[in-house]
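Visitor: mind looking at a prediction? Sequence and model below.
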Amino acid sequence: MLTDQGRFETPNASKYLQQLCMHFAHKVAVEFDATHGTVALGMGPATLYATDGVLTAEVTAPDAADLAEARRIIDSHLARFAFREEFETMDWQSAAA
């Protein structure tokens, strides 16, 4: 399995984590609280963490194409909630790097 980690500096980290998790819960299994969430994406789990000023997402998938799709899913949904901050994409890093 491959893993990438994304980072978004925002004062609304907990708010966005909860919005994402509530949104995904309409379609897939989700567990979350104000600082941690796990989303069962089709290609693998996404784990979200909210700390003071930072939202972090860790996505896991079996191959590079699915990993890219997991990143796209997180980014596109987060863009809907964080549009006031002009969010485009998380700062993604490979766990292998």
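Guide: Perfect, thanks for sending it.
Visitor: which helix or which strand is home to Met22?
Guide: Assessed by DSSP states H and E, Met22 sits inside helix 13-24.
Visitor: in that helix, what's buried?
Guide: Ala13, Ser14, Tyr16, Leu17, Gln18, Gln19, Leu20, Cys21, Phe24 (16 or more other C-beta atoms under 10 Å). In short, each C-beta sits where N, CA and C put it, glycine included.
Visitor: which helices and strands sit right next to that helix?
Guide: The criterion is 3 or more C-beta pairs under 8 Å, 6 or more residues apart in numbering; DSSP states H and E, and the helices and strands that helix 13-24 contacts are strand 30-32, strand 36-41, strand 44-51, strand 54-61, helix 64-81.
Visitor: please name the bridge partners of the residue most central in space within the chain.
Guide: Here the mean C-alpha position of the chain is nearest to the C-alpha of Ala57 (C-alpha atoms, centre = their mean), at a distance of 3.9 Å. Judged by DSSP bridges, the bridge partners of Ala57 are Gly6, Leu48.
Visitor: do I have it right that it meets Asp91?
Guide: No - taking C-beta atoms under 8 Å as the contact criterion, Ala57 and Asp91 are not neighbours in contact, 10.5 Å apart.
Visitor: so what sits against both of those two?
Guide: Overlap between the contact sets of Ala57 and Asp91, as judged by C-beta atoms under 8 Å, 6 or more residues apart in numbering, is given by Gly6, Phe8.
Visitor: I am finished for the moment; much appreciated.
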